[in-house]
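1. coords please:
(chains A, B and C)
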Amino acid sequence: MSGDRMEYKGYRRRRLIDKIFKATIYGLSFLLFLPLFLIFGLIIKNGISHISLEFLINNPKPVGEAGGGILNAMIGTLILMITSTIIALPFGVLVGIFLSENSKRKYALVISTIVDVFQGIPSIVIGIVAYIWIVLPLKKFSALSGALALSFIMLPTIIKSTEETLKMIPYSLKEAAYSVGANYHRTILKVILPASLSGILSGILVSIARISGETAPLLFTAFGSDILEYNILKPMGSLPLLIFNYAKSPYPEWHEIAWSASLVLITIVFIFNLIATIGENRWKIKF
Amino acid sequence: MYRFLKDRDGGDLIFKSLLFFSAIFILLLIVAITITLIIQSIPSIKHNGLYLLFGDIWDPVSEKYSILPFIIGTLITSILALLISIPFSLSASLFLGEYLEGKRISKIIKFTIDILAGIPSIIYGFWGLMVLVPLVRALEEFLGIPPLGIGIFTASVLLSIMIIPYTTSIVREVIKLVPQDLKEAAYSLGATRFEVVRDIIIPYTKSGIIAGILLSFGRAFGETMAVTMVIGNANYIPKSLFAPANTMASVIANEFTEATTDIYLSTLISVGLILLIISLIINSIGRYIIGRFYVRG
Amino acid sequence: MEDQILSIKNLNAYFKDFNAVKNVSMKVYKNSITAIMGPSGCGKTTLIRCINRLHELTEGAYSTGEIYLRNQDILKLNPIVIRRQIGMVFQKPNPFPTMSIYDNVIAGYRINGIKLPKSEMDSIVELSLKRAALWEEVKDKLRQKGVFLSGGQQQRLCIARAIAMNPEIILMDEPTSALDPKSTLKIEELLYELKKEITIIIVTHNIAQAARISDYTAFMYLGELIEYDRSDKMFTNPSDPKTNEYLRGTFG
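-> Numbering: from 1, shown residues only, chains lettered A, B, ... in the order given. Okay, here's the model as predicted:
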C-alpha cells in the first residue's frame, strides 16, 4: 500500500516537470512572435508616413530640401535583379539538369555537395571577388559587378530547386517521350522541363527575393548612386544600399526615408516569396 | 510517312556537352574564387606575416594590421548569439516538430518563422540601430556603464534574433524524423512528454541538432550588415561585453572603400579569405553531419 | 503462309549480371495480335522493351542477339528511328501532362520538330483518335489537358499517340491491367480493328485476355520461351506441360 503511495507521489512530480517544460516550450515559441511584431509593426508604423506616389517616382533631394523619393534606388534594384537573373538562370538550370540526370554518378554527388557549401559563403566575400574581377580591371564601380556578385548568390538556390524538381519527375514521363522516338535533348527540353516549370520558377523567385535585400556584396561593386542610372557599367543605387546610407546618417529626415524604404523593401521580398510559395503549389504538375 | 525515319538532330551531343561543361564551370568557379582571394592576399601575408593573426592592433596609419580584434569580435558575437538563440530555436523546433506536429497552428508559426528568415540583414540592422540600441543604452545606464548603446552585446542580441529562424528550420526537420513507434513505445510505458523528449527525441536527433547549431554558427559568422550597424566600428580587442568592436565581416564592410594603399586593400582581402576558409570548413562539417544523419535516420 | 514482320533470334537480355531473357527466338506475324504471357518476373516485359530499345536505357542493362524488322537487325540501328517505327503503350497511362489532348496525339511529331501543315495535323489527330475509339468522347474538347480524362480514356489517348506515328508494330505492356473491366473491353475491341493495319504485341498476365484477343501466344517462364504457337492451339492443347500448368492456374 505504501508502495502505491510513493509511486503516486513520484508521478505527480513527473507530471509537474512535464507541465513546466511544456509551458516553457510554448512560452519561448510564442516569444518568437515578439520580434516579428516589433520589426514589422515598427516598419509599417514609421514607414507608412512617407509612402506616396511622389516618393516612389522621384529621386532623392539633397539634405535639407523637402520631398524627394527613392526612384533611383528602386530602378537600381530592378536592374540588378534582371541582370543577375540573366546571368544566373541559364547556368543554374543547366547545372540543375546535369545533377538530376547524373544523380547516381559519383562526380554528381561531389558537385552537388560543393554547390551546397557554396551557399554558405558570406555574401561580402562574394562581393570582394566581384570587385577583383570587374571593378579593378574596369577601374570603376558598376552595376555589372554588383549583378555578378548577386548572380553567384542566386546560383546555389536555382541549381538546387531545379535539381530537386527534376528528380521528382517520374521516369514514366521520360519513357513516354522516348516511346515516340524523341531523342535526349528534346525529351529534356520539350517534355521534362515544361513539367518542372513550377519548381524551377519558384526557385528563381525565391532567389530574387533573397538578392533584392542584399547589401554587403554591393558596397564596393555597384557602390550606390544618388542619380537615376540605367547604364550597367556605371555605379548604381539599390534599396538596401540607400537604407544603409540613410540609416548611418545623422539626419532625422533621412531616417524617416530609410523607414519608408525599408517598408518598400520588405514588401517586395514578401511578395516574391508569397508568389513563389503559392505558385509552386498552384502550377505544380501532380503525377 | 517515312519522313522522320532519319534522326538528323546532332543536338544530343551539343546538349550533353553543354550540361557537362556547365557543371565543370561551377567547379572552376569555386576554385577561381578561392584562388583569386589567395593571390590577392599574398601581399598582405608577405607584409604582415604572423602579426596578422597574433598581433594586437589594427592600424592602417602605421600599417600594422592584426585581425585578432576582429576574430575575437566575431567569435564573441557568434557564440553569444548562439547561446541566446539556442533555447528559443530548440523550443520552436520541438514545438513545431513534436508538440504541434501536423496541427494547423504550426503552419502559422512556420509561416512566421519563414518570414523572419526572409527579412534582409540590412533591415535587421536598421531596426537594431533604431530600437535595440536605445534599449541597450537604457540598460547600460541602469548598470552604470558608459551608455553607448552599440557594441558587442547589441550585436549578439540582434544576431541571435536573426539566426533563430535558420536553426529552427533545420532542427525542426530533424525532430520530425524520430520514428513514431519509438515514441509510442515510451508513451506506452507511462512516460510523460518531457521524458520522451529527454530520453528518446534528443538522443536520437543529437547529431542533427549539433549540425544545426554548427550551420547556424557558420551563418552568424558571415553575417555582415546587421552587425556592422550596431557593433560600433572599433578596431580594438574588445575589453568588455558592452564595448564597441568589429567583426571580420564588418571591418570589411566599413573599410573596404576607404582602403588607400595596396597593402591595406590586400589585408582586407585576406580577412575575406579567412572568412571564406572558416565558413567553408564549418559548413562542410555541418553538412556532413546532417548528411550522415539523414542517411542513417 | 503469313507474312513475317519481326524475327527474334537468340535474344538475351541482361540487367548487369542477371539474365532476364534467355535465348529467345520467335517470329511475329504481320497484322496479328501476339500475346506474351507468363508469371511475374518471367521476362515478358523485358522482352518487348528490347524490341523498342528501351531496355538498354536502364543503367547496366544490355542485350545480345538479333531482332530483324523485315531485313534489318534493329539492335544495330539508331534506336530513335526504331522507336518511331515501333510504338509502345505502357501499363500505367502516361499522357504528357503539359499538353492538350490534341497535342498529345500529335506529340510524336511536335517533340521531334517535324513541321506539318495544320490540315494534315488535324487529320492525323482525328484518324488516330478514331482508331483508338476515343474520338467521339473528346472531339469537342481537344484543347483540354490530357490528364483530365479518366484512366481508360487516358490509355486510349496513349494508344492514339502511338497510332499517330503510323508505326509498323505497337508494343503493349499490360495495357489494361490498371483499368476497369468496361475500359478493358473497349480497348480489346479496338485492338481487333487495329490489327488490320498495325501488328500488335501485347504482354499480359491475364490468361483470359490472351485467349480472347490473340492470334498467337508466347508463354515465358523464368526468362525462357517455353512455348509459342497459334492461340487456338495453345489454349486447347498446349504442347509443354509447364504451359498446361500455367493455364490451369496451378502455378505462378
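
2. ok, the residue of chain C at minimum distance from chain B to chain A distance?
-> The minimum distance from chain C to chain B, using Cβ to the nearest Cβ, falls at C:Ile80 (4.4 Å). To be clear about C-beta, it is placed using only N, CA and C from the backbone, and glycine gets the same treatment. Computed with Cβ to the nearest Cβ, to the nearest Å, the distance linking C:Ile80 and chain A is 5 Å.

3. The stretch 51-200 of chain A against chain C: which residues are in contact?
-> Residues of the stretch 51-200 of chain A lying near chain C by Cβ under 8 Å from any Cβ of the partner chain: A:104, A:172-173, A:175-183, A:186-187, A:190-191, A:194-195.

4. Buried members of the residues you listed into PyMOL, please.
-> In PyMOL, a selection of the buried entries from these looks like this (16 or more other Cβ atoms under 10 Å in any protein chain shown):
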select buried, chain A and resi 173+175+176+177+178+179+180+181+182+183+186+187+190+191+195
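
5. just checking, which of the residues of the stretch 51-200 of chain A next to chain C belong to strands?
-> The members of those all map outside strands under DSSP state E.

6. and the residues of the stretch 51-200 of chain A next to chain C near chain B, which?
-> Within those, those near chain B by Cβ under 8 Å from any Cβ are A:181, A:183, A:186.

7. For chain C, state which of these is nearest.
-> Comparing these against chain C with Cβ to the nearest Cβ places A:Gly181 closest, at 3.4 Å.

8. So which residues of the stretch 101-250 of chain C form strands?
-> C:169-173, C:199-204, C:216-221, C:224-230 (DSSP state E, counting those that start in this stretch).

9. Those: which one's closest to chain A?
-> strand C:169-173 (8.7 Å).

10. which residues touch the closest one?
-> C:5-6, C:28, C:45, C:48-49, C:51-52, C:69, C:85-91, C:159, C:162-163, C:194, C:198-203 (Cβ atoms under 8 Å, 6 or more residues apart in numbering or on different chains).

11. If we check chain B, which of the residues you listed are in contact?
-> Within the contacts of strand C:169-173, those near chain B by Cβ under 8 Å from any Cβ are C:Gln85.

12. Give me the buried subset of the contacts of strand C:169-173.
-> Using 16+ other Cβ under 10 Å, the buried ones in the contacts of strand C:169-173 are C:5-6, C:28, C:45, C:48-49, C:51-52, C:69, C:85-91, C:159, C:162-163, C:194, C:198-203.

13. any weak-confidence spans in the stretch 101-250 of chain C?
-> For the stretch 101-250 of chain C, applying pLDDT under 70 flags the ranges C:250.

14. Can you report how many residues lie near the residue of it found nearest chain A?
-> Residue of the stretch 101-250 of chain C nearest chain A, by Cβ to the nearest Cβ: C:Gly108 (3.7 Å). Using other Cβ atoms under 10 Å in any protein chain shown, C:Gly108 has 27 other residues around it.

15. who's in contact with the nearest residue to it once chain neighbours are set aside?
-> Sequence neighbours aside, A:Val180 is the residue nearest to C:Gly108 in space, at 3.7 Å (criterion: Cβ to Cβ, 6 or more residues apart in numbering or on different chains). With contact set as Cβ under 8 Å, 6+ apart, A:Val180 has these partners: C:83-84, C:87, C:107-108, C:111-112, C:161-162, C:165.

16. what's the closest of those residues to A:Ile114?
-> C:Ile111 (33.7 Å; Cβ to Cβ).

17. Pull the contacting residues for the closest one.
-> Contacts of C:Ile111 (Cβ under 8 Å, 6+ apart): A:177, A:180, A:182, A:186-187, A:190-191.

18. Name the SS class of the nearest residue to C:Leu11 once chain neighbours are set aside, please.
-> Among residues not flanking C:Leu11 along the chain, C:Gly65 sits closest, at 3.8 Å (Cβ to Cβ, 6+ apart). Taken by DSSP: H, G, I helix; E, B strand; the rest coil, the conformation at C:Gly65 corresponds to strand.

19. Quick check: C:Gly65 touching C:Tyr14?
-> No - using Cβ atoms under 8 Å, C:Gly65 is not in contact with C:Tyr14; the gap is 11.0 Å.

20. Give me the residue at the spatial middle of the chain.
-> Picked chain A for this. Residue closest to the mean C-alpha point of chain A, counted by Cα atoms, centre = their mean, is A:Arg210 at 1.5 Å.

21. Wait, chain C was what I had in mind.
-> Residue closest to the mean C-alpha point of chain C, counted by Cα atoms, centre = their mean, is C:Leu171 at 1.7 Å.

22. Likewise for chain B?
-> Geometric middle of chain B (Cα atoms, centre = their mean) lands on B:Arg219, at 0.5 Å.

23. That one looks like it's in a helix, true?
-> Yes - the assignment for B:Arg219 (three-state DSSP) places it in a helix.

24. Please report how far it lies from B:Leu75.
-> Here the criterion is Cβ to Cβ, to the nearest Å. By it, B:Arg219 lies 14 Å from B:Leu75.

25. And C:Thr204, by the same measure?
-> C:Thr204 is 70 Å from B:Leu75, where distance means Cβ to Cβ.

26. With neighbour numbers in mind, choose between these two.
-> Neighbour comparison, C:Thr204 and B:Leu75: the larger count goes to C:Thr204, with 23 against 14 (by other Cβ under 10 Å).

27. For the residue of the stretch 1-150 of chain A found nearest chain B, report the pLDDT, please.
-> Nearest residue of the stretch 1-150 of chain A to chain B: A:Pro122, at 2.8 Å (Cβ to the nearest Cβ). With respect to pLDDT, A:Pro122 has a value of 94.

28. So for stretch A:224-232, first residue to last residue, what's the gap.
-> From its first residue to its last, stretch A:224-232 covers 12 Å (Cα to Cα, to the nearest Å).

29. so A:Gly199 makes contact with A:Trp283?
-> No - A:Gly199 is not in contact with A:Trp283 according to Cβ under 8 Å; the separation is 9.0 Å.

30. related to what we said a few turns ago, and the residue of the stretch 101-250 of chain C closest to chain A, what does it touch?
-> A:180-182, C:84, C:161, C:164-165.

31. Alright, that wraps it up for me.
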